[in-house]
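Asks: Only the shape, not the letters, is given here:
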């Protein structure tokens, strides 16, 4: 018995040391102490084994000993097997900053670090802009008019956007811009997502493009000239990066510039002769100034000894001779302004290069550094705003649409997508807001930007699909009354641009995160490059401690021993503890995958994607908990928190499950499964009770619905009609209406009013005649049913309305032709 006790003490002691990553010396002490005790009091064999273990740990773990024999051997091996990092990859890895994503890689996330990004909210100026200017802009939009009748925004809307400096949100006030915070930019775009063309038109100039590039890298002369003109809309920018041969792999762009001299106005001018062909450039058809990415060559060494100067960025006026611009692409769903740009032998002065001669060859670094911020804001905010409107419309529609004498919102087949839409929106709202808040604190979140872009646009795809299902025939019939169908058909654009989701999920989230966010990998690679044995020793043995620590934390927490401490309330704390537990498993699996597959992990994209899925879901769950912790909670919100966290953590465990099943080493997969999920999977998809509770809340006038709709445009105060305002007004009187529906339908079933009264309007009139309802009730129901019928109605058109070339209209016979005639 004593032998068993000593063995258990040794194991427990080692697990404690490993969990704390306390180093080799405490481990040696545990083994030596239990070994000596075993020799003296119990089993000689156990004592010898424990003491041998102590010697082995000392030789391989104590710095003074290991550096004599082990570290040099490991360093030589590492140099042979470590993946080579290209210059392009190195620049991408160094771009941006690491914050909470890095904590998740450690396996022991410090929640206080996350909560340290305090949310100071919006300024009074930002709040006023959101409440007034954004409402005015949203009120000028009708999806059908913009997409089908104009293929553009109305002139009065363009004028208003320029007048109110919507295009200068990121430009400081010193240059005439609004100087808004990242949170304010995000909320503005969410409100403008009432129309996808409006959101894109405002979002792009405030994202990756000339404005941000000039702010960070432009010369004083460039800033002073362009920034005020960009802020007030005198200049409309676009940025030409992608082309026929360069899409997701933007570094492969074949567009070139050659340094040369050209005679201009009787003088020799040093400049660049450009050949380029760009596609899919947003705002290109109307842009007055074009940002251009190209590869610069200096074959005559006019600038120096180097011939290939690398990717360079320039800012070129639209009227530059030789540039072809103005034609349009036709993006699916919504014809936002997007088109090609071409140029042959286009000469521009050297001072058009953004940042001047000093920034030649720095284009790729400039792009990836800007992308880490812009990609966090524009498309994720658009997706979140779209989701907010979709929930408002769908909840309202499901409550006023009656089938089988009940609102369809009472049917579980409708409740399931309604709750799913709400849960996904709740996650998206938290993730985009809290990540924007980290940007306001100075972070440049590279990996989170990939997570948000891919995950939230996929959420948008699912939410819009659910909204279409709920609306049925109302949504599949296009026309001025259809507020949903055009946005739904345009959703693939968000999935594809700014890094296609397939590429982002399979290559970027984990591929970049594994090196950029890992506590030690980047240090190991840096030590290798610098040939620094001492730095490598510190990094690699710190890494070994991390692996052992994560194994111990994953196993013990998975067994329910030693939960992580969290600062959250009783509702959120279990989810924070689960995130910490799965974070340890994620860190362990990341190291196991990198160690077992080495550089071939780059090609094992499905494995990389699953590890990225784990990271993404843990990140989104963390942001959801922070939003809950800091927000003003309303009645019913706890159900949404449970739904969101269960949804995300179930997905994380599913990704782990698939990873274990598909690792090339089956033994490794089985071992990791035991360590990471010793009690099996702990999370299931949200329960039906949560689904029913959430669906009821978002389809009625409740505090939860009002909180979710929040900053959406909800007033009917614009020059265009606002369906959301109509739904909200109807829901406000739903209880009274439902009571009258039941009374009138009961009377109809009993024969108290004529059986021929089949329409709701007819039943109301007959019930009034029969004295079943009052005059006031009848007036109320007449007005309500007229409003309901309008919201349920769809549009129709002339037979040849959609034919562009009227000469090709086929006139079908409308009656049978008599035989023999």
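Replies: Nice, I can see it. What you see is a predicted model; the values in this text were computed from it and never measured.

Asks: The top strand by length along the chain pairs with which strands?
Replies: Longest strand of the chain, by residue count under DSSP state E: strand 267-282. Paired strands of strand 267-282, with direction, are strand 256-264 (antiparallel), strand 338-349 (antiparallel) (DSSP bridges).

Asks: Can you tell me what sits against the longest one?
Replies: Spelled out, that is strand 338-349. 238, 240, 260, 262, 264, 269-285, 290, 292, 314, 316, 320-329, 331 (C-beta atoms under 8 Å, 6 or more residues apart in numbering). All C-beta atoms are positioned from the backbone trio N, CA, C, and that covers glycine.

Asks: before we move on, back to that, for the longest strand of the chain, the distance to its chain's centre please.
Replies: Centroid separation for strand 267-282 versus its chain: 33 Å, with C-alpha atoms, centre = their mean, to the nearest Å.

Asks: Let me see the contact set for the nearest residue to residue 140 once chain neighbours are set aside.
Replies: Nearest residue to residue 140 in three dimensions, chain neighbours excluded: residue 157, at 4.4 Å (C-beta to C-beta, 6 or more residues apart in numbering). Residues near residue 157 by C-beta under 8 Å, 6+ apart: 137, 140-141, 198.

Asks: what do you get if the cut-off is 10 Å, keeping everything else the same?
Replies: By C-beta atoms under 10 Å, 6 or more residues apart in numbering, the residues touching residue 157 are 136-141, 146, 166, 195, 197-198, 201, 719-720.

Asks: element containing the most centrally placed residue in the chain, please.
Replies: Centroid-nearest residue in the chain: residue 452, 1.8 Å away (criterion: C-alpha atoms, centre = their mean). Secondary structure from DSSP states H and E places residue 452 in helix 446-471.

Asks: quick revisit: in terms of mean pLDDT, which of the strands paired with strand 267-282 ranks lowest?
Replies: Among the strands paired with strand 267-282, strand 256-264 carries the lowest mean pLDDT, a mean of 93.

Asks: who touches it?
Replies: For strand 256-264, contacts defined as C-beta under 10 Å, 6+ apart pick out 267-276, 292-304, 307, 309, 312, 314, 345-350, 353, 360.

Asks: give me that answer again for 6 Å
Replies: Residues from elsewhere that reach strand 256-264 (C-beta atoms under 6 Å, 6 or more residues apart in numbering): 268-270, 272-275, 294-298, 302-303, 347.

Asks: Drop anything exposed from the contacts of strand 338-349.
Replies: Neighbour counting with 16 or more other C-beta atoms under 10 Å marks 238, 240, 260, 271-285, 290, 292, 314, 316, 320, 323, 325, 329, 331 as buried within those.

Asks: So which bits of stretch 383-403 are buried?
Replies: 383-402.

Asks: now swap in stretch 458-473 and tell me
Replies: Buried residues in stretch 458-473 (16+ other C-beta under 10 Å): 458-461, 463-464, 466-468, 470-471.

Asks: quick one: the strands in the chain?
Replies: Under DSSP E, the chain gives strands at 237-240, 256-264, 267-282, 289-297, 308-317, 323-325, 338-349, 402-403, 406-407.

Asks: Within its sheet, name the partner strands of the fourth one and how each one runs.
Replies: I take that to be strand 289-297. Applying DSSP bridges, one finds strand 289-297 paired with strand 237-240 (parallel), strand 256-264 (parallel), strand 308-317 (antiparallel).

Asks: Give me the mean pLDDT for the longest strand of the chain.
Replies: 94.

Asks: just checking, residue 395 touches residue 699?
Replies: Yes: taking C-beta atoms under 6 Å as the definition, residue 395 is a contact partner of residue 699 at 4.1 Å.

Asks: quick revisit: quick one: list the elements packing against the helix holding residue 452.
Replies: helix 363-400, helix 412-440, helix 485-496, helix 509-516, helix 605-630 (3 or more C-beta pairs under 6 Å, 6 or more residues apart in numbering; DSSP states H and E).

Asks: Other residues contacting the third one?
Replies: Yep, that's helix 485-496 we're talking about. So helix 485-496 is in contact with 143, 147, 196, 331-334, 379, 457, 461, 464, 468, 475, 478, 501, going by C-beta under 6 Å, 6+ apart.

Asks: got the angle for it vs strand 338-349?
Replies: Orientation check (axes from the mean of the first three to the mean of the last three C-alpha atoms, to 10 degrees): helix 485-496 against strand 338-349 gives 50 degrees.

Asks: Same question for the shortest one.
Replies: Put simply, helix 509-516 runs at 40 degrees to strand 338-349, going by the same axes, to 10 degrees.

Asks: now for helix 509-516, which elements pack on it?
Replies: helix 446-471, helix 605-630.

Asks: before we move on, back to that, do you know the pLDDT at the residue nearest to the centre of the chain?
Replies: pLDDT, residue 452: 97.

Asks: cool, and residue 87?
Replies: The model's pLDDT for residue 87 equals 68.

Asks: try the one 10 residues further on
Replies: Residue 97 is assigned a predicted lDDT (pLDDT) of 88.

Asks: which residues touch it?
Replies: Neighbours of residue 97 in contact, by C-beta under 6 Å, 6+ apart: 443-444.

Asks: Apply 8 Å and report the result again.
Replies: 372, 442-446.

Asks: Output the strands paired with strand 267-282 in JSON lines, with distance to residue 595 appended to each entry.
Replies: Compiled in JSON lines, the strands paired with strand 267-282 are given as follows (distance: least, C-beta to C-beta, whole Å):
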{"stretch": "strand 256-264", "distance to residue 595": "42"}
{"stretch": "strand 338-349", "distance to residue 595": "45"}
